[in-house]
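> Quick one, what's the 3D model for this:
(chains A and B)
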Number of protein chains: 2
Amino acid sequence: MAYHLLQRDPGGADRLAAAIGHARSAIGHCRLCNTFTEQESCSLCASTERDRSLLAVVETPADLLRIEQTQTYRGLYFVLLGKLSPLDGVGPRQLALEPLSQRVADGEVREVILATGFSVEGEATAQYLAAWFAERDIRVTRIARGLPVGGELEFVDSGTLAQALMDRREVG
Amino acid sequence: MAYHLLQRDPGGADRLAAAIGHARSAIGHCRLCNTFTEQESCSLCASTERDRSLLAVVETPADLLRIEQTQTYRGLYFVLLGKLSPLDGVGPRQLALEPLSQRVADGEVREVILATGFSVEGEATAQYLAAWFAERDIRVTRIARGLPVGGELEFVDSGTLAQALMDRREVG
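Have a look, this model is predicted:
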């Protein structure tokens, strides 16, 4: 791409440089959910249509979009922009815990949904946050682990099947 | 395989025929869990090591083995040998509901775990059984639906992610 721009499209290179420079200077963090936005708060946080008592904590803006695509979640989000990963030098101090603490202290949030992934780092982050919220008087939940929709027992890995059995739910 | 046996290994054909004939006559159903066995009750049901208060209802003997491989489940099983599938002519009458009813009536079983898959038929079977057990005084649970172990939000289908959010669990 770099060769193409330099050889065939120098005007395009200028426009790309300007666009990236503009993004760098104009895009900041939403003061509520910490995602990327050009406004002070993002369109989701500014919306009056959302359930402000629910706050899903996710790792990245991509995860936020992924949940939005399900069209089933009506609450708000908080984007950590990372996950605990000591080997990569990411400890609790590198995560956006201070903004999260302020976000939850508004009195409107009744439930924090830990929606980080089930990788080792995602799980560690969820467990750290669960312990961190335990001192606060707020309901904390974790998205479910188990078989995928349409999944058969035969084709699921042993770890997931063991978790699905352990996390079984009351019915009826 | 048929051509090989007839052309090259007629003795093998005789032994295979005898083995299949023996299986057909010697292998029956375990009187407790309905799986295939040569004894009156299978080795699992006869074991004194298992927790007799837990009964996992599965579709096939293969599913039973799959759960055994996780090495985390200490209860017993009931094998339906099928699942509700009206298009294939399998309705409630074709499933082993009568043996299941007798199995649960022994007074030892305290919890029935509906461990059918999450295919359309597996879900229908679980919902039918949940309604069927609702009239009986017994705890009924369903294995969990959600993200796989190690799974990231980005790589999970929308239906599963929606379920993982809906089935979220209390933590802390």
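
> Let me know whether my guess that residue A:121 is in a helix holds.
Yes. Under the criterion used here (DSSP: H, G, I helix; E, B strand; the rest coil), residue A:121 sits inside a helix.

> For it, list the residues it contacts.
Contact partners of residue A:121, counting by Cβ atoms under 8 Å, 6 or more residues apart in numbering or on different chains, are A:83, A:84, A:85. Using the backbone N, CA and C atoms, a C-beta is placed for each residue, glycine as well.

> do the same with residue A:31
Contacts of residue A:31 by Cβ under 8 Å, 6+ apart are A:40, A:41, A:99.

> ditto for residue A:99
When contacts are counted by Cβ under 8 Å, 6+ apart, residue A:99 is found next to A:29, A:31, A:34, A:78.

> Kindly recompute the last result at 10 Å.
Applying Cβ atoms under 10 Å, 6 or more residues apart in numbering or on different chains to residue A:99 gives the contacts A:29, A:30, A:31, A:32, A:33, A:34, A:78, A:79, A:80, A:81.

> next one: residue A:58
Residue A:58 sits in contact with A:33, A:35, A:64-67, A:77-81, A:83, A:113-117, A:122, A:143, B:153, where contact means Cβ under 10 Å, 6+ apart.

> That one pairs with what?
With DSSP bridges applied, the residues forming beta bridges to residue A:58 are residue A:79.

> And stretch A:16-35, how far out from the chain middle?
18 Å (Cα atoms, centre = their mean, to the nearest Å).

> Sketch out the low-pLDDT regions of chain A for me.
Using pLDDT under 70 as the threshold, the predicted model of chain A has low-confidence ranges A:172.

> now do 90
For chain A, the stretches with pLDDT under 90 are A:1-2, A:5-6, A:86, A:92-98, A:101-102, A:105-107, A:134-138, A:151, A:154, A:171-172.

> for it, what spans make up the strands?
Under the criterion DSSP state E, chain A contains strands at A:28-29, A:36-37, A:51-58, A:75-79, A:111-114, A:139-142, A:169-170.

> Just say which of those strands is most tucked in.
strand A:75-79 (a mean of 23; mean count of other Cβ atoms under 10 Å in any protein chain shown).

> So for chain A, the centremost residue is which one?
The central residue of chain A, meaning the one whose C-alpha is nearest the mean C-alpha position (Cα atoms, centre = their mean), is residue A:58 at 1.8 Å.

> and residue A:97, how many neighbours?
14 (other Cβ atoms under 10 Å in any protein chain shown).

> didn't it look like it was pressed against residue A:128?
Yes. The pair residue A:97 / residue A:128 is scored as a contact, 9.2 Å apart, by Cβ atoms under 10 Å.
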